[in-house]
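1. mind looking at a prediction? Sequence and model below.
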Amino acid sequence: MIQDSSFYVRRLCFDEDYCPSDNTRLTTNFANLARGDSRQENLRNVLRMIDNRFNDLAHWDNPNGDRYSVEIEIVSVEMDIDSTDKGDRFPLIEILNTTIVDKKDNKRIAGVAGNNFSSYVRDYDFSVLLLKYNENKKEFVVPADYGALHGNLFKCAVNSSAYKKNFGKRPVICLSVSSNKTYSRTGNKHPVLGAEYQQNEFSLTDQYFKKMGMQVRYFMPTGGVAPLAFYFFGDLLSDYSALELIGTISTMESFQKIYRPEIYNANSAASDCYQPSLKHQDYSVTRIVYDREERNRLAVAQGKYTEQGLIKPYREILEAWSANYAA
């Protein structure tokens, strides 16, 4: 049965020498960049993008724009569902953790864990379960308990002793806004996060993260061209320092420029009323190689892997545990 001791945290440096491990989700954005002939150049360029964006936002007492650099770790949270500790653990989630290096004061500052979010169970939910559920339906329908198991597993992992031992604050996940929703700029502007937007209705991803216990707000940082979706516990604006938030923005905005250049590397900024589109043509491409089609194919394959390795053999245990956890 799943309990506090079922969770384990592994940390791996993400730098220009990074190679994905055998049990890393290959649909993970950072893993996708680290394969092929251009792998080292890809990694070097994205790390440079992150540092440049960080210094752009952290411009005070930084006259040359080179005071800070960002170090990134890949954090894997694994689960031993049998509690046998045989080393046969399921890779539950992967997130990124940032550390800010202040070269002027010669010190290291803890950033925020979260940033990117990767999950095998989410692959199963979106790429297997949802497709099967809608096979013979005329209109798209979402099951009533959709995302409940994943949400409870995530909350249990974040509240576990293993997670708390490694990180002092709960994660902030930063993702792209939905391409089928409309966002309106409000009068609220944060000094770091930038102009706030509100959506006309929650997306399926927003609803999914709500099952994980997380709220969402949308901000377009100064110098950005589209709002980002920030998923968080507690109070996003007061629980995290300016440098912590800049670490998240610089990391995830750089990744999004590579993955969704139609939105985040567009040649004009989002208007007051904004609907993102992956069909937008007025954008610039980075020098970083990224195979979006391969990523989509792998999501299905890895969803099926989760179905065979976790959902089917442990369905009754997982459903009973999730119902009890929710209660």
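-> All right, it came through fine. Residues are numbered from 1 along each chain as shown.

2. sketch out the strands for the stretch 101-250 of the chain, chain order is fine.
-> Taking DSSP state E, counting those that start in this stretch as the criterion, the stretch 101-250 of the chain carries its strands at 107-119, 172-176, 183-190, 194-199, 215-220, 228-232.

3. what helices and strands are in contact with the third one?
-> Right, strand 183-190. On a contact count with 3 or more Cβ pairs under 8 Å, 6 or more residues apart in numbering; DSSP states H and E, strand 183-190 meets strand 194-199, strand 215-220, strand 273-274. Yep, even glycine has a C-beta here, placed from its N, CA and C like the rest.

4. can we see that at 10 Å?
-> Packing partners of strand 183-190 (3 or more Cβ pairs under 10 Å, 6 or more residues apart in numbering; DSSP states H and E): strand 194-199, strand 215-220, helix 236-239, strand 273-274.

5. and the second one, what other elements does it pack with?
-> Contact analysis of strand 215-220 by 3+ Cβ pairs under 10 Å, 6+ apart lists strand 172-176, strand 183-190, strand 194-199, helix 204-211, strand 228-232, helix 236-239, helix 242-259 as its packing neighbours.

6. do that again at 6 Å, thanks
-> strand 194-199, strand 228-232 (3 or more Cβ pairs under 6 Å, 6 or more residues apart in numbering; DSSP states H and E).

7. which strand or helix spans Asn97?
-> Assigned by DSSP states H and E, Asn97 belongs to strand 90-102.

8. ok and that strand relative to strand 107-119, angle-wise?
-> Counting by axes from the mean of the first three to the mean of the last three Cα atoms, to 10 degrees, strand 90-102 lies at 150 degrees to strand 107-119.

9. C-alpha coordinates for strand 90-102, CSV please?
-> The C-alpha atoms that make up strand 90-102 are tabulated as CSV, following Å, rounded to 0.1, in the frame of the first residue of the first chain:
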residue,chain,number,x,y,z
PHE,A,90,7.8,3.4,-10.8
PRO,A,91,9.0,6.8,-12.1
LEU,A,92,6.0,8.9,-10.9
ILE,A,93,6.9,12.5,-11.8
GLU,A,94,9.8,14.6,-13.0
ILE,A,95,10.3,18.3,-12.4
LEU,A,96,13.1,20.7,-12.6
ASN,A,97,14.8,22.5,-9.7
THR,A,98,16.7,25.8,-10.1
THR,A,99,19.7,27.2,-8.2
ILE,A,100,20.7,30.8,-8.8
VAL,A,101,24.4,31.6,-8.8
ASP,A,102,25.2,35.2,-7.9
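
10. buried stuff in that strand?
-> Phe90, Pro91, Leu92, Ile93, Glu94, Ile95, Leu96, Asn97, Thr98, Ile100, Val101, Asp102 (16 or more other Cβ atoms under 10 Å).

11. identify the farthest-apart pair in these.
-> Pairwise distances across the buried residues of strand 90-102 (Cβ to Cβ) peak at 37.7 Å, for the pair Phe90 and Asp102.

12. re earlier: go through the buried residues of strand 90-102 and name the one nearest Met212.
-> Ile93 (9.9 Å).

13. residues in contact with that closest one?
-> Applying Cβ atoms under 6 Å, 6 or more residues apart in numbering to Ile93 gives the contacts Val77, Ser119.

14. beta-bridge partners for it, please?
-> When assigned by DSSP bridges, Ile93 has beta-bridge partners Val77, Ser119.

15. how about residues contacting stretch 197-205?
-> With Cβ under 6 Å, 6+ apart, stretch 197-205 has contacts from Ser178, Lys181, Thr182, Tyr183, Ser184, Arg185, Thr186, Tyr218, Pro227.

16. among these, the buried ones, what's the PyMOL command?
-> Buried subset of these, written as a PyMOL selection, criterion 16+ other Cβ under 10 Å:
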select buried, resi 178+181+183+185+218+227
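
17. which of the contacts of stretch 197-205 lies closest to Ile311?
-> Proximity of the contacts of stretch 197-205 to Ile311 (Cβ to Cβ) peaks at Ser178, which lies at 26.0 Å.

18. all set, thanks.
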